[in-house]
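S.K.: here's a sequence, model it:
(2 chains)
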Amino acid sequence: MAKTILAIDDSTSIRQMVAFTLKSAGYSVIEAADGQEGLAKANANAGAINLVLTDQNMPVMDGLTLIKTLRGLPQFVTIPILMLTTESSDAMKMQGKAAGATGWLVKPFDPHKLLEVVKKVIG
Amino acid sequence: MTEHGFEEVLSPHLYFDREHNIEAAKILPGEYYATGRDMVLVTVLGSCVCACIRDRTSGIGGMNHFMLPESGQDRSNPLGESARYGTYAMEILINQLLKMGAKRSNFEAKVFGGASVLRGFTVNNVGERNAEFVQQFLKTEKITIAAQDLLNIFPRKVYYFPATGLVRVKNLKQVHNDTIISREAEYNTRLHYSKLEGDVELFG
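M.R.: The predicted structure is shown next:
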């Protein structure tokens, strides 16, 4: 069965690019437009999600808040969470690490590199 | 902080605009600026485009100034380097606005530029590609374009007042355009030689 990735970004353009890239490699993708919608979809599909890929700067709920919230839920304690963001500072990366992120990818993203990282993390 | 040739940077060029009697920021190719203050954002465009985006309610707004890299074969590929870079240039401005408290649902945009002024690049219609990209991006993101002045052959000087959304555009018909062209050509070269991708780090 295809592994499922929850991809969260407020930019429709980015979501389309990310979903296209992941689907082309055989992954199944669930999309959400902000942290809160991401959290709702994570809860609704808990058990089926193998990886969460989230943006940082989004309306309603940002990526770091989402990560902290997910890490507080028993079903998401060990699920890998990758950040895909324009934020490139070490300070932000450290905040991500402390919040429980598995890794940090800075935009603009290279589709091959994204797949390489995803494969490395969930196979 | 990592240093890349392609990174969009916050404009450091602040000054006082005597003509409009207001604080001003000058935006050069590859730069952007966002503000909640009563200011004017000024840029000069040849084949580059700028998107002026503001929150209609709070008046928080900003401007970017970019062009798509000339990456040859992937021009029409929605996942190609050009599209990914353009999306990045737009997103970094939008993110800055969100961080300052602007609401995405209140956004309106005004877009300018994309003239055919770059000698030697005219065959590839650089200006037209830039103009098409910014219009398509905003359509995909469901951000209304409230005004636009795109294409044509003259460089433009754009004054954008984010607090009110007012814009003044001057067509630079009589001006010696070498500075504009050489700045854009230098920016184009910088993009051409940069690897247009961000860093990746897995936390151990």
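S.K.: what lines up beside the helix or strand of chain B with the lowest mean pLDDT in the sheet?
M.R.: Across the helices and strands of chain B, mean pLDDT, DSSP states H and E gives its lowest value to strand B:9-10, namely a mean of 81. Applying DSSP bridges, strand B:9-10 is found paired with strand B:31-35 (parallel).
S.K.: contact partners of the partner strand?
M.R.: B:8-11, B:25, B:27, B:41, B:60-65, B:89, B:92-93, B:96-97, B:100, B:162 (C-beta atoms under 8 Å, 6 or more residues apart in numbering or on different chains). Where C-beta positions appear, they are placed from N, C-alpha and C, glycine not excepted.
S.K.: which among these end up buried?
M.R.: Buried by 16 or more other C-beta atoms under 10 Å in any protein chain shown: B:8, B:11, B:25, B:27, B:41, B:60-65, B:89, B:92-93, B:96-97, B:162, out of these.
S.K.: now do the strands in chain B.
M.R.: Along chain B, counting by DSSP state E, strands occupy B:9-10, B:13-17, B:22-26, B:31-35, B:39-45, B:49-55, B:61-64, B:107-113, B:144-150, B:156-161, B:166-171, B:200-202.
S.K.: now the fourth one: average pLDDT?
M.R.: Right, strand B:31-35. If you average the pLDDT over strand B:31-35, you get 95.
S.K.: in the helix ranked longest in chain B, which residues are buried?
M.R.: Assignment by DSSP state H gives helix B:81-99 as the longest helix of chain B. Under the neighbour-count criterion of 16+ other C-beta under 10 Å, helix B:81-99 has B:81-98 buried.
S.K.: so which residue is dead centre in chain A?
M.R.: A:Leu53 (1.1 Å; C-alpha atoms, centre = their mean).
S.K.: nearest residue to the residue of chain A found nearest chain B in space, please, no chain neighbours.
M.R.: For chain A, the residue closest to chain B is A:Val106, as judged by C-beta to the nearest C-beta, at 2.7 Å. Counting by C-beta to C-beta, 6 or more residues apart in numbering or on different chains, A:Val106 lies nearest to B:Gly198, which is 2.7 Å off, once chain neighbours are set aside.
S.K.: now swap in B:Glu201 and tell me
M.R.: A:Trp104 (4.8 Å).
S.K.: how much space is there between the residue of chain B found nearest chain A and A:Leu22?
M.R.: Using C-beta to the nearest C-beta, the closest approach of chain B to chain A is made by B:Gly198 at 2.7 Å. Using C-beta to C-beta, to the nearest Å, we find B:Gly198 at a distance of 18 Å from A:Leu22.
S.K.: fine by me, thanks again.
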